[in-house]
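In: Just need the structure, nothing else, for what follows:
(one chain, ligands or ions: 2)
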Amino acid sequence: AAASHPPVIGGVGVEMFQRPWTSIGAECGSTLGPAGFSWVLTSPPQEHITGSQWWTSYQPVSYAVDSKLGTEEQFADMVTACKAAGVRVVADAVINHMTAQGAGTGFAGTAFTKYAYPGLYTPKDFHHCALTPDGSIQDYTSRAQVQTCELVGLADLDTGSAHVRTTIAGYLKHLLGLGVAGFRIDAAKHMAAKDVAAIVKLLPAGTPVISEVIRGSGEAVQPEEYTRIGQVFEFQYARELGPQLKAGVLMDPTRIDEVPSKDAAVFVDNHDTERGDASVTYRDGSLYLMANALMLADDYGTPVIYSGYAFSDPDAGAPQGPDGRVIGWDCAGTTAPKATYADGEGVCTEAWKSIAGMIEWRTAAASAPREPGVSQGAAYGFERKGKAVIAANPGSKPETLSVPTSLKDGAYCDVIADGPSMKGCAGGATVLVSDGMARFELDAGQTAAIHIGAEPHN
Ligand code: ARE
Ligand code: CA
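Out: Ligands and ions are numbered 1, 2, ... in the order given. Below you'll find the model as predicted:
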């Protein structure tokens with residue numbers, strides 16, 4: 001018999017970066033559930049080093065579910081609220097390493113040293129690589145360095161050891177007990193695929209995981225090694241789409257250097273790439289919306305919307321109160337991208353009506369194949385056969401575009417302008433279909449999208 005495919009979380013996800021559990025719980029009911037999101041990816045929930053930078057979350061010092069994002073009780077309440085809204089919770093699992101700090105006291109009061117964590121690990125549970133002068137990874141063409149040396153100085157767990165595997169699985173099972181549905185495996189590249197597989201095997205069968213393995217050409221470790229465990233984040237997707245938008249020249253995707261669709265989780269940007277090499281981010285307003293709309297319209301991978309906060313200092317954490325807890329914010333009233341954001345202000349991508357509109361569009365498109373695209377000037381569009389049509393103009397002047405379609409003649413609601421058609425489009429923006437063509441008039445930077453069943457109504 002053919003080997004069955006590993007579990008896939010499916011639907012549309014959203015990474016709610018550095019959002020407290022109380023904020024996410026509230027938005028599951030107000031925003032994420034109603035918009036049709038299937039799952040939310042949280043920032044890491046375990047105890048971490050203290051500090052104002054966001055990345056303290058990625059330096060565990062214990063597996064207590066008590067962090068700047070909230071207590072265990074708040075975490076459990078979030079999961080319950082999200083479940084009630086039909087939204088599953090995926091937790092970011094930082095399991096390759098502990099902290100890089102020599103010694104200290106963690107956010108929840110745990111005293112630690114870099115290689116000793118009470119009740120969890122002692123120095124023999126770490127790799128202590130001798131391949132580089134300071135034990136840190138220098139050469140990504142060396143598998144041994146990537147997987148047994150320290151990622152930016154973070155104490156590297158010996159994930160080959162039974163004790164380490166059981167301890168990590170114990171933490172993940174605890175989170176499953178709190179109701180989480182699956183995990184992002186942080187820095188999966190830095191653990192041998194067989195180690196990740198062995199840890200996941202200790203979890204209940206059917207637990208979906210998405211491994212973070214940043215594709216790097218010429219590197220020793222590639223994402224394909226991890227697809228037998230679950231999905232992987234396919235970084236190539238955004239690397240292909242983003243520059244096309246910036247250049248104002250959209251083309252049909254090549255899928256070169258990408259894992260098969262069912263193995264991929266895709267995104268326009270994430271918390272690392274918006275601080276790194278992402279071509280299009282919240283700073284790009286309508287182009288960012290366009291990128292996300294095109295991703296949701298696509299027939300490739302599991303799309304993950306990203307929602308963070310504005311920053312000028314890439315290290316700056318989300319605003320914290322005097323107790324060090326992140327204050328959080330509520331996006332329920334933010335229905336469109338803003339031209340400018342103040343530092344620390346939430347971007348609220350998940351609450352834009354155009355995103356909810358595109359999730360509805362995606363549901364209408366279902367498994368209909370993506371037809372070849374057509375272009376006119378900078379404008380580009382395509383149909384999901386017989387179900388839905390999208391058109392986008394990343395250029396700097398207005399364009400008219402006719403996209404071949406088998407939708408029946410008539411006026412259709414533009415779910416980008418007005419959001420889900422069941423809620424809007426009473427006298428709002430429409431697109432006309434006649435004689436097998438959907439006719440779009442697009443301003444510079446405008447996206448428009450129509451789908452079957454989205455005729456105007458009152
Ligand atoms: C921070 C400081 C460092 C300091 C360190 C230890 O910034 O200066 O040395 O602490 O004190 C996040 C931040 C890091 C932060 C870290 C720990 O991004 O800046 O370090 O937390 O607090 C590689 C990995 C990939 C990883 C990226 C960042 O392969 O897995 O680096 N991404 C995940 C998360 C990050 C997180 C970590 C892992 C650590 O998404 O947010 O780090 O838990 C090429 C390669 C990639 C490589 C990339 C960057 O593209 O192909 O594999 O990614 O270069 O080096
Ligand atoms: Ca490692």
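
In: With adjacent residues omitted, what lies nearest to Ile450?
Out: Nearest in space to Ile450, with sequence neighbours left out and distances taken as CB to CB, 6 or more residues apart in numbering, is Tyr412 at 3.6 Å. (Glycine included, C-beta is placed from N, CA and C.)

In: Please identify which helix or strand holds that neighbour.
Out: Using DSSP states H and E, Tyr412 sits in strand 410-413.

In: list the helices and strands that strand packs on?
Out: For strand 410-413, the packing partners by 3 or more CB pairs under 8 Å, 6 or more residues apart in numbering; DSSP states H and E come out as strand 430-434, strand 447-451.

In: show me the contacts for the nearest residue to Arg370 once chain neighbours are set aside.
Out: Spatial nearest neighbour of Arg370, excluding adjacent residues (CB to CB, 6+ apart): Asp299 at 4.4 Å. For Asp299, the contact set (CB atoms under 8 Å, 6 or more residues apart in numbering) comprises 261, 365, 367-370, 384.

In: Check Asp299 and give its pLDDT.
Out: What the model reports as pLDDT for Asp299 is 97.

In: Please determine how far it is located from ligand 1.
Out: 27 Å (CB to the nearest ligand atom, to the nearest Å).

In: In PDB, list the C-alpha atoms belonging to stretch 102-111.
Out: Extracted as PDB, the C-alpha positions of stretch 102-111 are listed here (Å, rounded to 0.1, in the frame of the first residue of the first chain):
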ATOM      1  CA  GLY A 102      25.100  32.200  30.500                       C
ATOM      2  CA  ALA A 103      22.800  32.300  33.500                       C
ATOM      3  CA  GLY A 104      19.800  34.100  34.800                       C
ATOM      4  CA  THR A 105      16.200  33.900  36.000                       C
ATOM      5  CA  GLY A 106      13.500  33.400  33.500                       C
ATOM      6  CA  PHE A 107      10.200  35.300  33.000                       C
ATOM      7  CA  ALA A 108       8.300  33.000  35.400                       C
ATOM      8  CA  GLY A 109      11.100  32.800  37.900                       C
ATOM      9  CA  THR A 110      13.100  29.800  36.900                       C
ATOM     10  CA  ALA A 111      16.800  30.000  37.700                       C
END
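
In: hmm, that stretch touching ligand 1?
Out: No - Stretch 102-111 does not reach ligand 1 (CB under 6 Å from any ligand atom); its nearest approach is 10.2 Å.

In: same deal with stretch 42-59?
Out: Yes - using CB under 6 Å from any ligand atom, stretch 42-59 reaches ligand 1 at 55, 58-59.

In: export the longest helix belonging to the chain as PDB, just CAs?
Out: When the chain is parsed with DSSP state H, its longest helix is helix 162-177. Extracted C-alpha coordinates of helix 162-177, given in PDB (Å, rounded to 0.1, in the frame of the first residue of the first chain):
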ATOM      1  CA  ALA A 162      16.000   9.500  24.300                       C
ATOM      2  CA  HIS A 163      15.800  11.700  27.400                       C
ATOM      3  CA  VAL A 164      15.700  14.900  25.400                       C
ATOM      4  CA  ARG A 165      13.100  13.500  23.000                       C
ATOM      5  CA  THR A 166      10.900  12.300  25.800                       C
ATOM      6  CA  THR A 167      11.200  15.700  27.600                       C
ATOM      7  CA  ILE A 168      10.300  17.600  24.500                       C
ATOM      8  CA  ALA A 169       7.400  15.300  23.700                       C
ATOM      9  CA  GLY A 170       6.200  15.800  27.300                       C
ATOM     10  CA  TYR A 171       6.100  19.500  26.800                       C
ATOM     11  CA  LEU A 172       4.200  19.200  23.500                       C
ATOM     12  CA  LYS A 173       1.800  16.600  25.000                       C
ATOM     13  CA  HIS A 174       1.100  19.100  27.800                       C
ATOM     14  CA  LEU A 175       0.200  21.700  25.100                       C
ATOM     15  CA  LEU A 176      -2.000  19.100  23.400                       C
ATOM     16  CA  GLY A 177      -3.700  18.500  26.700                       C
END
